[in-house]
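Peer 1: only geometry, no sequence info:
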């Protein structure tokens, strides 16, 4: 549940950020970039604004203007943010078309368009004290140089209407012979020009990568939570893809101001690099694409037609420089979103392969789509005649041998240690015999000799006079009445010179012999027959511990050797393996694992469990997920428990997500490489195109098919 809430919070945060940064780019935000004071609008000012808007032609009251919509009408309307009044001091620039109609004059603070009441144009000065309120997609001037909108009705009645049409302003830009700039007309962006200003899909690609991360998290949560994570992620992907490829709406096209004037370069005194100096058209600082810098000097100081957008970016200049023609002749290539999607896909794919089991879901999903064949057998002969395929539903009952793996996997339940009954060998070979060892027999013989002499049941079993045995018992001493047998049994068990070194030294000291070989020679020759050794209780305990320690070493080593022998089953037949580690037998499991027992008990437990599991009834069933034949001719059949309908759908979703990641990675890698190459070739082609246009001697350039 916590993961779900976290994912929903991330989705909501991303949606708000995208909406605010992309779809709430109101004039109010641009205004805040300049120093301005803020206050609340008064009730009188608000009523004056309402009266002024009501007199405007085409004014209608509607709820829709309450929301700022990019690209909507420039007519001022009251919105939820119109209660804020901004005070600034700034020059006002006026653009007028050749008709000089007051309705076609437009006013700007730099590049920010404002709505100025027509009567106030005569009050414009070089520096203006202005109060503005947000009014939809434009800013409405409510006060100018001491004139308030609250007294606008009185000013209209006092001043003749013709005065506002003939007023002159030092800050205005008019179509006169002495002017350096003239606004010819205002048009909308062409589709080609809009491609440059349209988002390149980077934000949407990041949202898709976030959605892929949420889909990955949905693979780690319970099935009930999975749907609540997957659905929002899929909606995020669908919405992002739609925003990337949706066609442009009429309101998306920005306004382009088509002007005519003399562009000039303004550089600082002593500036050595003239390429870095500013170029302006009148009071407007122009911004050019970097690769236009070598060509713009052809139009400097000449009357030139220049088209600029609202951010002062030049989109066309003169006869040849045109972003529209560039996009038409050399289509734009956007590859950054492909780079982000490829990176997000490969990271998600790595996490999927690292933390989510993908092999089994993919196989089961494929088998479910292809259809399954149900096979039930009770004999090896029946199974041998069947043609098994991945995806078949197999049910086997018979007598087989639990496997003894060389290494134990973490997902296996080793309750029958050292046997693993989640893997069953089934063949016609004779069952393996129980583990046998001569070394174990010799070890048991030595232990029996030590036990009989150190812990006799009664004095009657001793090979000495009963009265003497009784006296020794009363004194607290312990008598070894067959020391020669202990030496011989030890020599048989510890035949190697480095075996049982401490035990051999102890026996040599008890006899005061020169070394072990001399002591063994005496025992074999019969010189130790009839020799009794009297021990204190402490010495007897030490001797018993030395014998037990030596015996434990042999028990452990022989137990492991026997296990290795059991790890070599007969060739041929089948090895039925459970993918999930489920046990195929129903035998009682030991209370204590084999290797947690004492060394002598390990051998006995191995004998007992081997007798039970070397030939035991089993029942194996499941969907075949893998088939293989090893070097011994044994067919390995991997089985997976038949999943429920819900689990099967989860496996199908996991498989589809894995395929989608691979496809997304491959497609975006190909598009990325192609995009980088085409973008490089496009830059070279554009440069060659302009070189030929401005230097006809380099070739015969094709006459540009300019829209203008």
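Peer 2: Looks like it arrived, so ask away. Because the structure is a prediction, the values reported are computed rather than measured.
Peer 1: what helix or strand is residue 499 on?
Peer 2: Assessed by DSSP states H and E, residue 499 sits outside every helix and strand.
Peer 1: pull up the per-residue confidence for it.
Peer 2: As predicted, residue 499 sits at a pLDDT of 88.
Peer 1: swap in residue 65?
Peer 2: Reported pLDDT for residue 65: 42.
Peer 1: same question for residue 427.
Peer 2: So residue 427 comes in at 91 (pLDDT).
Peer 1: just the one 4 residues further on next, same as before
Peer 2: For residue 431, the pLDDT comes out at 86.
Peer 1: before we move on, what about residue 329?
Peer 2: 90.
Peer 1: show the contacting residues for it.
Peer 2: residue 689 (C-beta atoms under 8 Å, 6 or more residues apart in numbering). Yep, even glycine has a C-beta here, placed from its N, CA and C like the rest.
Peer 1: the residue positioned nearest the centre of the chain sits in which helix or strand?
Peer 2: Taking C-alpha atoms, centre = their mean as the criterion, residue 348 is the residue nearest the geometric centre of the chain, at 3.3 Å. For residue 348, the host element (DSSP H and E) is helix 336-355.
Peer 1: and the next helix or strand past that helix?
Peer 2: helix 359-370.
Peer 1: packing partners of that next one?
Peer 2: Other elements packing on helix 359-370 under the criterion 3 or more C-beta pairs under 8 Å, 6 or more residues apart in numbering; DSSP states H and E are strand 616-629, strand 635-640, helix 645-694.
Peer 1: can you redo the ones you listed as JSON lines with distance to residue 428 and mean pLDDT?
Peer 2: As requested, those are exported to JSON lines (distance: least, C-beta to C-beta, whole Å; pLDDT from 0 to 100):
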{"stretch": "strand 616-629", "distance to residue 428": "15", "mean pLDDT": "91"}
{"stretch": "strand 635-640", "distance to residue 428": "13", "mean pLDDT": "92"}
{"stretch": "helix 645-694", "distance to residue 428": "36", "mean pLDDT": "91"}
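Peer 1: out of those, nearest to residue 113?
Peer 2: helix 645-694 (31.9 Å; C-beta to C-beta).
Peer 1: between helix 336-355 and that closest one, find me the angle.
Peer 2: Here helix 645-694 runs at an angle of 150 degrees relative to helix 336-355 (axes from the mean of the first three to the mean of the last three C-alpha atoms, to 10 degrees).
Peer 1: so which elements touch helix 645-694?
Peer 2: Going by 3+ C-beta pairs under 8 Å, 6+ apart, helix 645-694 lies up against helix 223-245, helix 336-355, helix 359-370.
Peer 1: I'd like these as CSV, with mean pLDDT and distance to residue 576 appended.
Peer 2: Below are those laid out as CSV (pLDDT from 0 to 100; distance: least, C-beta to C-beta, whole Å):
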stretch, mean pLDDT, distance to residue 576
helix 223-245, 91, 29
helix 336-355, 94, 27
helix 359-370, 74, 16
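Peer 1: tell me the secondary structure for the nearest residue to residue 415 once chain neighbours are set aside?
Peer 2: Nearest non-adjacent residue to residue 415, counting by C-beta to C-beta, 6 or more residues apart in numbering: residue 589, 4.0 Å away. Using DSSP: H, G, I helix; E, B strand; the rest coil, the structure places residue 589 in coil.
Peer 1: so residue 589 touches residue 419, yeah?
Peer 2: No - judged on C-beta atoms under 8 Å, residue 589 makes no contact with residue 419 at a distance of 10.4 Å.
Peer 1: who touches the helix holding residue 348?
Peer 2: Counting by C-beta under 8 Å, 6+ apart, 200-202, 204-206, 208-209, 212-213, 215-216, 219-220, 244, 358, 657-658, 661-662, 664-665, 668-669, 671-672, 675 sit against helix 336-355.
Peer 1: residue 147 touches residue 120, doesn't it?
Peer 2: Yes - assessed by C-beta under 8 Å, residue 147 is found in contact with residue 120 at 5.9 Å.
Peer 1: counting neighbours, go ahead and name the busier of residue 589 and residue 419.
Peer 2: residue 419 (26 against 14; other C-beta atoms under 10 Å).
Peer 1: is the residue lying closest to the more buried one once chain neighbours are set aside bridged to anything, and to what?
Peer 2: Nearest non-adjacent residue to residue 419, counting by C-beta to C-beta, 6+ apart: residue 402, 4.0 Å away. Here residue 402 shows beta-bridge partners residue 424, assigned using DSSP bridges.
Peer 1: so what's residue 402 up against?
Peer 2: Neighbour list for residue 402: 416, 419, 420, 421, 423, 424, 425, 585, 613, 614, 616 [criterion: C-beta under 8 Å, 6+ apart].
Peer 1: how much space between it and residue 499?
Peer 2: From residue 402 over to residue 499 the distance is 34 Å, taken as C-beta to C-beta, to the nearest Å.
Peer 1: low-scoring stretches of this structure, by residue?
Peer 2: Residue ranges of the chain with pLDDT under 70: 1-35, 57-74, 95-104, 159-180, 267-277, 371, 408-413, 457-476, 697-708.
Peer 1: got the domain boundaries for it?
Peer 2: 34-179, 372-430+569-642, 438-564 (automatic domain parsing).
Peer 1: nearest to residue 285, of those domains?
Peer 2: Evaluated with C-beta to C-beta, the domains of the chain place domain 34-179 nearest to residue 285, the distance being 9.3 Å.
Peer 1: and residue 503, backbone torsions?
Peer 2: phi -70, psi -40 (degrees, to the nearest 10).
Peer 1: repeat for residue 374
Peer 2: phi -90, psi 120.
Peer 1: surely it meets residue 391?
Peer 2: No - Residue 374 lies out of contact with residue 391 (C-beta under 8 Å); the separation is 11.1 Å.
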